[in-house]
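Asker: After the sequence you'll find the predicted model.
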Amino acid sequence: MSTRILVADDHAIFREGLKQVIGTTVDMSVVDEAIDGKELLNKIQANDYDMVILDITMPGRNGLDVLTEMKNIKPKLPVLVMSMHPEEQYALRAYKSGASGYLNKGSASNELLDALHKISMGKKYVSSALAESLVSGLSDHNQQDLLQTLSNREYQVMSMIASGKTVGKIATELSLSVKTVSTYRAHILRKLNMKNNAELTRFVIENKLI
């Protein structure tokens with residue numbers, strides 16, 4: 001019986017690419033799509049799927065928060081998170097939120113299919129890049145503890161600030177107000193005991209979070 005997959009991603013080209021890759025298999029097929037977290041949650045409540053492929057940086061709600069809510073609605077529904085962010089940046093948070101696997105969008109097609117097949121068998125998928133990162137760890141366990149104090153949204157905003165994006169740009173990409181993003185920034189600096197964006201960016205780069 002074919003594994004029925006829902007793809008949640010706001011980029012039509014990426015969704016089409018996934019359908020083409022998955023369409024080369026005989027035991028999996030993309031049967032539905034969602035362009036944001038709200039549509040995704042509505043669809044999994046109304047329909048049954050065997051697996052979800054989730055982009056965690058869609059407009060609106062934070063993808064990891066959507067993932068957590070998904071697992072509350074359908075605890076046994078496997079989810080493969082795909083993102084443009086490196087595994088080191090979001091993978092652990094994705095697993096803690098209930099993901100069965102995490103894969104960078106730049107991964108090869110055969111790695112994607114390997115991940116989907118493993119997850120369809122009820123297993124967890126850990127990429128070689130993530131495995132290496134877990135072994136090496138962050139440079140300082142105290143810094144890792146500090147990162148755990150950040151909410152998923154704060155972690156996302158921190159990464160975007162460190163990549164050089166302005167508060168206005170971040171607000172537009174996340175469909176938030178500039179005031180809300182500024183509040184997140186203030187919380188991040190306070191929790192990490194930092195004074196400005198320069199210190200934050202150095203911290204992120206030194207710990208290879210982008």
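Answerer: On my side now, so go ahead.
Asker: drop to CA atoms for contacts and neighbour counts, all remaining ones
Answerer: OK.
Asker: Nearest residue to the middle of the protein?
Answerer: Centroid check for the chain by CA atoms, centre = their mean gives residue 56 as the closest residue, at 3.5 Å.
Asker: what residues are up against that one?
Answerer: Listed by CA atoms under 8 Å, 6 or more residues apart in numbering, the contact set of residue 56 reads 62, 63, 64, 81, 82, 83.
Asker: and the gap between it and residue 32?
Answerer: Look at residue 56 and residue 32: by CA to CA, to the nearest Å, they are 17 Å apart.
Asker: Repeat that for residue 59.
Answerer: In terms of CA to CA, residue 59 sits 19 Å off from residue 32.
Asker: cool, residue 156 as well?
Answerer: Distance check for residue 156 against residue 32: by CA to CA, it reads 27 Å.
Asker: When these two are compared, which one has more neighbours?
Answerer: More crowded of residue 156 and residue 32, by other CA atoms under 10 Å: residue 156, with 21 against 15.
Asker: who touches the more buried one in this structure?
Answerer: Contacts of residue 156 by CA under 8 Å, 6+ apart: none found.
Asker: Just the element for it, please.
Answerer: helix 152-162 (DSSP states H and E).
Asker: my guess is residue 50 contacts residue 3, does it?
Answerer: Yes - counting by CA atoms under 8 Å, residue 3 is a contact partner of residue 50 at 5.7 Å.
Asker: Could you name every residue contacting both of the two?
Answerer: Common contact partners of residue 50 and residue 3 (CA under 8 Å, 6+ apart): residue 120.
Asker: Show me where the protein has its strands.
Answerer: Using DSSP state E, the strands of the chain run over 3-8, 28-34, 51-55, 79-83, 101-104.
Asker: Let's have those in TSV, adding mean pLDDT.
Answerer: Formatted as TSV, the strands of the chain follow (pLDDT from 0 to 100):
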stretch	mean pLDDT
strand 3-8	96
strand 28-34	96
strand 51-55	96
strand 79-83	94
strand 101-104	92
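Asker: Kindly reformat the ones you listed as TSV containing distance to residue 73.
Answerer: TSV is the format used below for the strands of the chain (distance: least, CA to CA, whole Å):
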stretch	distance to residue 73
strand 3-8	15
strand 28-34	17
strand 51-55	13
strand 79-83	13
strand 101-104	19
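Asker: Tell me the predicted confidence for residue 204.
Answerer: Note on residue 204: pLDDT of 84.
Asker: what's the burial count for it?
Answerer: Residues near residue 204, counting by other CA under 10 Å: 17.
Asker: likewise the one 5 residues further on?
Answerer: Neighbours of residue 209 under the rule other CA under 10 Å: 18.
Asker: Next, give phi and psi for the residue nearest to the centre of the chain.
Answerer: phi -90, psi 0 (degrees, to the nearest 10).
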